[in-house]
Structure formats: C-alpha cells, structure tokens
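Student: quick one, structure for this:
(chains A, B, C and D)
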Number of protein chains: 2
Amino acid sequence: MLDKTTAIPIYYQLKEWLRGEIASGVWKPGDLIPSERELSGKFGISRMTVRQALNELREDGLLRREQGRGTYVAEPKIEQRLTRLTGFTEDMQRRALQSGARVLRQMMVAAPAPVAHALRISQEKPIVLLERLRMAEHEPMAIESSYLHFTGMEKLLEEDFEDQSLYHYLSEKYGIIPTRAEQQVEAVQCHEGECKLLHIETNAAVLRNRRITYDQKNKPFEYTWSIYRGDRYIFYVELSLA
Amino acid sequence: MLDKTTAIPIYYQLKEWLRGEIASGVWKPGDLIPSERELSGKFGISRMTVRQALNELREDGLLRREQGRGTYVAEPKIEQRLTRLTGFTEDMQRRALQSGARVLRQMMVAAPAPVAHALRISQEKPIVLLERLRMAEHEPMAIESSYLHFTGMEKLLEEDFEDQSLYHYLSEKYGIIPTRAEQQVEAVQCHEGECKLLHIETNAAVLRNRRITYDQKNKPFEYTWSIYRGDRYIFYVELSLA
DNA sequence: GTTTAAAAGTGGTCTAGACCTCTAGCCCAT
DNA sequence: ATGGGCTAGAGGTCTAGACCACTTTTAAAC
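Tutor: Below you'll find the predicted structure:
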C-alpha cells in the first residue's frame, strides 16, 4: 500500500491511506484505530514515521489521541454551512454583475517555493501561470494570478480565458472539481502597477488573497494570488459554532 | 537554560526559551535564528527534539522555515481563523498572547438604521453600545464597536469588560450562545481617529468587518463593526463546495 | 468474590545516527 | 563578465532503538 521507492514521503502516503480508510467508512467516528506499533509493523516503517502521520491528522481534526488508551477517529466537526467555494465568474453572477477578463500572462513558469510546497511538487518544476485582470461590468475589479499543476496542464496555454470560467473549464475538460480551498485574506496598500491596472489611486487599500484549491481527491491543483479593489468588493463569510 | 531533571519536556522548555528570545526582541521579525544543528549542540539535545520545538512554534505562527535557507522569526501577523465563530479573546489564547481591552464607550444609544434592521428592532430604540480597543501584548490591534440587544441588556453597562470576554459573559450570565454569524470583510484606509488609537499611520490599510451574530434560537443579538490593523492581521477561511 | 499488585499495551518524549533536497557562496573555465 | 559545477550548510525524512506516563487487563492474594 505504501511505496518506498517514490519521492512521496512515507508519512504522507500513510496519511492519505488513513484518510481513505476514514473517508470510506472502514473506521467510523469514535472507533479505535490500530496502535502506532501495529501500523509500524504492518507497513514495515519506523514508529516515528507513523507518529508524524498520526499527529498531522490530529492537527487536521481527523483523529483524537489519548495517552494510555489509543488513537480514535474524531467526531466530524459540525462545521458545515461553510462559505461556498466559487471562482470569480460565479461570484460575480451571484452579485448580478457581468464578469469578464483580460489575460495578462498565460505561460509556463518555474514554480516559486511557496507554490511548489503548497502543491506538493518539487521546486522549479514548470507549471502553468494564468494571470488575468478580472472585470465586473467592464470595470476592473481584481487581478488574479493562478498557478496550476495537474497532468495535461499544458493545454491550458492554448485556451482562451478571456470569457471563460477557469473552474468550469477544469471540470468540463479534465474532471477536476474544485472541492475545497484554504484562503487567507489581508488588507494591504496596492503597488503602483497594480493600481494602474485596477484604475485606483496609488496606495489605495486592497484585499489581498491567497488561495490553495483542492480537487475531489483532496489533491491541491491551484495556488492563486489575487488583489481585489477595496472600494468595490466586500468579502462575505458565514461562521458557525464548531 | 534547560533543565533535564524536571518533568517538563525538553522540547517544551526550548519552545518557551525561544518564545522568550522573540518576545524580548533578541530576534526580530525576519531574523534568521540558529540552525537545528546549532541549537542541538548548544543545549546538548537531539536534533529531533529541536525540530519538535521549532515545528510547533511554526504551527503557532511564530516561526517560518525554509528548506535550504533556515528558520526565520515570522512577521507578527496574527491569523484569525474564520472557520469557527470565535471572539478576540479566544483567538489570542490560541497564539498564547496576552489579550486585553480598553473600553472606549459603554452606553445606551439609539439604534442606527442598519443596526435596527439587522437586529430586527424598530429604529431609534435604545440599545447597548460597547466600544473597545482590543490589545495583544499591550499593543493595540483592533477597534470593536458592538451593538447589543436582548432582554436584560441594561446590566451590561455595569460590567467591566476590560479583561472579560463578551461572548463568555453572555453565555455564562444570559445563556446566550453565539451560534452563527454573517460577516463581511473589506479593505479600507483608516481614518485619522482610528489610526491614532491603533498606533498606525494615517490612511494605512485596515480590515473593516461587519458582523451580525445569532444565538442558539437564531435570534440576532449583536451587530459589530470592527477595524483590524492590516499590518498585524490576516484572516483565514476555508471554502467548500456547497 | 473482592481487592490488590503486576503485566501488557497505549501514546509521549528522546537519542544518535543516516540520507535526502534545496540554497548560497565560492571558484574555475569559458 | 558569465555560466557551471562544487561544496558547505540549511531544513526534510527516516530509522531502530530507549525510557516514561498513563490506562487497561490479568493474575495473584486475600
């Protein structure tokens, strides 16, 4: 089940295997899973390696560990009702605004370190960069820089993304369904070049986002930086007691 | 500096020592701290033990690690997780920071129109306004203006909210459990008065939030405006396919 | 049977190595 | 000057042990 010859770390392979066992219902919430020493023996790997996998899954909220007792599958967080994952196009549709785009860059580039790390690929590996100026009602709204990595990504270079939703295209042509994303949002002053593109004053306040998007198999395929005009865009989020 | 005879784990002692060095300014944000092997030698402990301390501090947001380069003190940006409904106090505790508040206003006011609408009460009706300057490690972080409406709200005026969590108080004394919230986030330039209070430059970028909070019966009881320093805060949110 | 003590099993901490990838600086050949 | 390769040093992964704190089970003593 684990492949020691690949470049994928063993602890990561074990994490994915454990995730699968939980997701497929082999182990249900509250169940006791095999002990560190059992897993260590079963897969022929060191206990410390098993611990790294188990501890990271605990951080992710999938496991609960108790000294002397064992490791249990955690109760699922009642954290549903999360904010909906949408791309720019769908986001604008929900706001009843006409969306569009001007492609600024569409090329292969070497993956910058943080991107490579997030997408779990080796650094400097060539990936697709799609940079677009996003428009709402023909007025610039945001700058989106998406780094994409998946098999067949080269074909993205030949496609026209001025009028096309990236997420829609990915699900149609590649079966890649944006399923989950982790996003950071901060307020910064925009730089000169960005301001010009967005038609706002230099140093105006903008929302800067960083998003890592995962497909239906929980594989990260997109890393996106985006800059939204502070005077035109409000980010909406719904919170609930976990 | 580390005591191997006590029951306190070595990695934990090292964490506390590193926290101290950062807090006292020996190492400043962006500084390179000693390598794992240096720390391992300096304290006469194993490298794996050092790694446990460093990795946990990275999780806490105090360090940033780069393969091949080294370990750096992270920029003092506090990541506020919008994945669960939490208040300022709880967020600070997660990062082991001392939180506090200075009450700016604590009075009855006529409900402004948007507030009255959101809380589903008639306009101009008197409600409680609690305005606080929120502090982390004695440094101003945010301005929070909460409009509160529920039966018995008048007693809030007699309470001391300099050291007390509002959400905690509401659930303890009134059985009002913040269960759900709708929040809007935008980037704006701060106004003069706000900048002074927050100790930042005029027109600096800040995160402005509007939050409507509902209790366990889905009754809106709080409408909050808040301004978070853009240089010290970043919001984290998880998105998922409905 | 009940109580108590030992044993077995769990996760938590720790060691002293090993090899890997990646970065940066240095030096040499072009 | 510029590019390329080497190398030292950084963090990342992994091993095969060890002992500890704690819980559960078992077995012995009453």
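
Student: OK, contacts around A:Q13?
Tutor: By CB atoms under 8 Å, 6 or more residues apart in numbering or on different chains, the contact list for A:Q13 reads A:1-3, A:6. Yep, even glycine has a C-beta here, placed from its N, CA and C like the rest.

Student: show me which residues of chain A sit near DNA strand D.
Tutor: A:4, A:9-12, A:44-49, A:52, A:66-69 (CB under 7 Å from any atom of the strand).

Student: now, these that are in strands?
Tutor: A:E66 (DSSP state E).

Student: now the residue located most distally from the centre of chain A: phi and psi?
Tutor: Using CA atoms, centre = their mean, the residue of chain A lying farthest from its centre is A:G68. It sits 35.8 Å away. The phi/psi pair for A:G68 (degrees, to the nearest 10) reads phi 90, psi -20.

Student: over to A:P9?
Tutor: phi -60, psi 150.

Student: for A:A113, same thing?
Tutor: Residue torsions, per degrees, to the nearest 10, at A:A113 are phi -50, psi -50.

Student: quick one: pLDDT of it?
Tutor: Here the pLDDT value assigned to A:A113 is 87.

Student: domain assignment for chain A?
Tutor: A:10-73, A:88-229 (automatic domain parsing).

Student: now those in TSV, with distance to B:T89?
Tutor: Formatted as TSV, those follow (distance: least, CB to CB, whole Å):
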stretch	distance to B:T89
domain A:10-73	22
domain A:88-229	21
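
Student: most packed of those domains?
Tutor: Compared across the domains of chain A, domain A:88-229 shows the largest average neighbour count, a mean of 17 (mean count of other CB atoms under 10 Å in any protein chain shown).

Student: picking that back up, so for B:D215, which of the domains of chain A sits nearest?
Tutor: domain A:10-73 (25.2 Å; CB to CB).

Student: just give me how far the closest one sits from the chain centre.
Tutor: The gap between where domain A:10-73 is centred and where its chain is centred comes out at 23 Å by CA atoms, centre = their mean, to the nearest Å.

Student: likewise stretch A:124-133?
Tutor: 15 Å.

Student: and for stretch A:227-239?
Tutor: Using CA atoms, centre = their mean, the offset of stretch A:227-239 from its chain centre is 19 Å.

Student: near chain B at all, that stretch?
Tutor: Yes - residues of stretch A:227-239 are located near chain B by CB under 8 Å from any CB of the partner chain, namely A:228, A:230, A:233-239.

Student: can you select the buried ones among those for me in ChimeraX?
Tutor: Remark: buried members of the residues of stretch A:227-239 next to chain B, expressed as a ChimeraX selection using 16 or more other CB atoms under 10 Å in any protein chain shown:
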select /A:228,230,233,235,237,239
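
Student: okay, the residues of stretch A:227-239 next to chain B in CSV with distance to DNA strand C and secondary structure next?
Tutor: As requested, the residues of stretch A:227-239 next to chain B are exported to CSV (distance: CB to the nearest atom of the strand, whole Å; DSSP: H, G, I helix; E, B strand; the rest coil):
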residue, distance to DNA strand C, secondary structure
A:Y228, 29, strand
A:G230, 33, coil
A:Y233, 33, coil
A:I234, 37, coil
A:F235, 32, strand
A:Y236, 36, strand
A:V237, 32, strand
A:E238, 33, strand
A:L239, 29, strand
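
Student: now do the end-to-end distance for stretch A:215-223.
Tutor: Start and end residues of stretch A:215-223 are separated by 12 Å (CA to CA, to the nearest Å).

Student: for it, what is the average pLDDT?
Tutor: Mean per-residue pLDDT for stretch A:215-223: 93.

Student: so how far is it off the chain centroid?
Tutor: 6 Å.

Student: so the lowest-mean-pLDDT helix or strand in chain A, near chain B or not?
Tutor: The weakest-scoring helix or strand in chain A, judged by mean pLDDT, DSSP states H and E, is strand A:83-84 (a mean of 86). Yes - residues of strand A:83-84 contacting chain B under CB under 8 Å from any CB: A:83-84.

Student: quick one: the helices in chain A, in order.
Tutor: A:10-23, A:36-43, A:47-59, A:88-94, A:113-118, A:166-169, A:192-198 (DSSP state H).

Student: which of those has the lowest mean pLDDT?
Tutor: Across the helices of chain A, helix A:113-118 has the smallest mean pLDDT, namely a mean of 91.

Student: for that helix, which helices and strands make contact with it?
Tutor: Packing partners of helix A:113-118 (3 or more CB pairs under 8 Å, 6 or more residues apart in numbering or on different chains; DSSP states H and E): strand A:220-229.

Student: parallel or antiparallel, which strands does the strand it packs on pair with?
Tutor: For strand A:220-229, the paired strands and their directions (DSSP bridges) are strand A:139-148 (antiparallel), strand A:205-214 (antiparallel).

Student: just how off-centre is the least confident helix or strand of chain A within its chain?
Tutor: 14 Å.

Student: try stretch A:224-232
Tutor: That offset, for stretch A:224-232, works out to 18 Å (CA atoms, centre = their mean).

Student: check stretch A:149-168 too.
Tutor: Worked out by CA atoms, centre = their mean, stretch A:149-168 lies 17 Å from the chain centre.

Student: figure out the length between the terminal residues of that stretch.
Tutor: Start-to-end, stretch A:149-168 (CA to CA) is 16 Å.

Student: residues making contact with it?
Tutor: By CB under 8 Å, 6+ apart, the list of residues contacting stretch A:149-168 reads A:86-90, A:100-103, A:106-108, A:111, A:119, A:121, A:125, A:127-128, A:130, A:132, A:146, A:148, A:169, A:173-174, A:176, A:178, A:215, A:219, A:221-222.

Student: what of stretch A:184-202?
Tutor: A:104, A:133, A:139-143, A:203-211, A:227, A:229-231, A:235, B:77, B:79, B:185, B:187-188, B:204-207, B:228, B:230, B:233-237.

Student: straight-line length of it, end to end?
Tutor: End-to-end for stretch A:184-202, by CA to CA: 23 Å.

Student: distance from the chain centre to it, please.
Tutor: Distance, centroid of stretch A:184-202 to centroid of chain: 23 Å (CA atoms, centre = their mean).

Student: please apply the same query to stretch A:176-190.
Tutor: Relative to its parent chain, stretch A:176-190 has a centroid offset of 8 Å by CA atoms, centre = their mean.

Student: what average pLDDT does it get?
Tutor: 95.

Student: just list the residues touching the nearest residue to A:R51 once chain neighbours are set aside, thanks.
Tutor: Spatial nearest neighbour of A:R51, excluding adjacent residues (CB to CB, 6 or more residues apart in numbering or on different chains): A:E36 at 6.0 Å. By CB under 8 Å, 6+ apart, the contact list for A:E36 reads A:47, A:50-51, A:54, A:71.

Student: now do A:E36 against A:T49, distance only.
Tutor: A:E36 sits 10 Å away from A:T49, going by CB to CB, to the nearest Å.

Student: near DNA strand C, which residues of chain A?
Tutor: Counting by CB under 7 Å from any atom of the strand, chain A sits next to DNA strand C at A:7, A:35-38, A:47-48, A:51, A:54-55, A:65-71, A:113, A:122-124.

Student: go ahead and confirm A:E182 touches A:N209.
Tutor: No - counting by CB atoms under 8 Å, A:E182 stays clear of A:N209, with 10.9 Å between them.
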